[in-house]
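Undergrad: what follows is a protein structure lacking sequence information:
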């Protein structure tokens, strides 16, 4: 039984027979996808800051005031260093070093001054690196790697 009626409505299945009066029967509800959604929400809650950094990186192509790029540096550096720390704690040393390099590149304390065209390329590469990091982290989270 897939937990759905012919009309796409959830169904319930009685797992234990009715017992004594006042005892609540156990019912299995066919919502396997709800667990996946809750797991996704948990994963999203733990990784929203990386998605925010990716959004800022991809949004940097426009003509923005200098303050946007300062914010971008702070956010990407903090996200990269924090993600490097978590990668280190999880035993993923290759990701740790990649993310440390990314954090150093975007550090706002001792910034690198490069041409705008160079930063556009680095922003795209950084967004791709963070996206691959998230995908691999997601697969690890789901136990697929």
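TA: Good, I have the coordinates. If you're wondering where the values come from, they're calculated on a predicted model, not measured in any experiment.
Undergrad: just checking, what packs against the one helix or strand residue 137 maps to?
TA: Counting by DSSP states H and E, the element that carries residue 137 is helix 116-142. When contacts are defined as 3 or more Cβ pairs under 8 Å, 6 or more residues apart in numbering; DSSP states H and E, helix 116-142 packs onto helix 32-58, helix 66-89, helix 93-105. The way it works is simple: take the backbone N, C-alpha and C, and place the C-beta from them, glycine included.
Undergrad: between these, which one is closest to residue 124.
TA: For residue 124, the closest of the helices and strands packed on helix 116-142 is helix 32-58, at 7.7 Å, according to Cβ to Cβ.
Undergrad: nearest to residue 131, out of the helices and strands packed on helix 116-142?
TA: When those are compared by Cβ to Cβ, helix 32-58 sits nearest residue 131, at 6.0 Å.
Undergrad: find me the pLDDT at the closest residue to residue 102 other than its chain neighbours, would you?
TA: Among residues not flanking residue 102 along the chain, residue 80 sits closest, at 4.2 Å (Cβ to Cβ, 6 or more residues apart in numbering). For residue 80, the pLDDT comes out at 96.
Undergrad: and the protein, what are its domain boundaries?
TA: By the assignment in automatic domain parsing, the chain contains the domains 1-30, 33-142.
Undergrad: among these, where is the model least confident on average?
TA: For those, mean pLDDT drops lowest on domain 1-30, to a mean of 50.
Undergrad: any chance of the helices and strands packed on helix 116-142 in TSV, plus distance to residue 135 and mean neighbour count?
TA: Shown next, in TSV, are the helices and strands packed on helix 116-142 (distance: least, Cβ to Cβ, whole Å; neighbours: other Cβ atoms under 10 Å):
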stretch	distance to residue 135	mean neighbour count
helix 32-58	11	14
helix 66-89	13	17
helix 93-105	12	17
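Undergrad: for residue 109, give me its contacts.
TA: Counting by Cβ atoms under 8 Å, 6 or more residues apart in numbering, residue 109 makes contact with nothing.
Undergrad: just to be sure, it is in a strand?
TA: No: applying DSSP: H, G, I helix; E, B strand; the rest coil, one finds residue 109 to be coil, outside a strand.
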